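**Q** Predicted model and sequence follow; I will ask about them next.
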Amino acid sequence: SMKLYTLKLKEPQYDCIRGVMVASDSIPNALEEFYRYYCYKDGELVRDIPFALRSSNMDIECIGEFIPSKKLESNILFVDFYDA
């Protein structure tokens with residue numbers, strides 16, 4: 001079953017993402033979805049994972065079950081950016 005995870009950076013960088021909310025079945029898959037969202041475009045690797053986005057710099061929390069009422073275009077539901 002799908003769960004809703006928040007991934008919040010402990011020490012965000014000014015030009016980076018501060019946090020993300022993702023629907024997934026596990027923490028490893030949530031991280032995989034996030035890195036795919038952040039690093040790839042149209043299946044091509046366009047950037048490496050920045051040091052600030054390593055999992056050890058994240059507070060990862062499951063905030064509950066997630067039952068979508070329609071098919072999701074992406075499992076990434078919300079991304080919080082700094083205005084860089």
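**A** Received it, and whenever you're ready, just let me know what you need. Residues are numbered from 1 along each chain as shown.
**Q** For Leu53, what are phi and psi?
**A** Main-chain dihedrals, Leu53, degrees, to the nearest 10: phi -100, psi 10.
**Q** again with Arg18
**A** Dihedral angles of Arg18 (phi, psi; degrees, to the nearest 10) stand at phi -100, psi -30.
**Q** ok, now which ones touch it?
**A** With contacts taken as C-beta atoms under 8 Å, 6 or more residues apart in numbering, Arg18 has the following neighbours: 8-9, 12, 80-82. C-beta coordinates here come from the backbone N, C-alpha and C atoms, glycine included.
**Q** Would you state the predicted confidence (pLDDT) at Phe81?
**A** Phe81 is assigned 81 on the pLDDT scale.
**Q** Give me the neighbour count for it.
**A** Applying other C-beta atoms under 10 Å, we find 12 residues neighbouring Phe81.
**Q** From Asp59, how far off is it?
**A** Note on Phe81: its distance to Asp59, by C-beta to C-beta, to the nearest Å, is 17 Å.
**Q** could you flag which of the contacts of Arg18 are buried?
**A** Under a neighbour-count criterion of 16 or more other C-beta atoms under 10 Å, the subset of these counted as buried comprises 8-9, 12.
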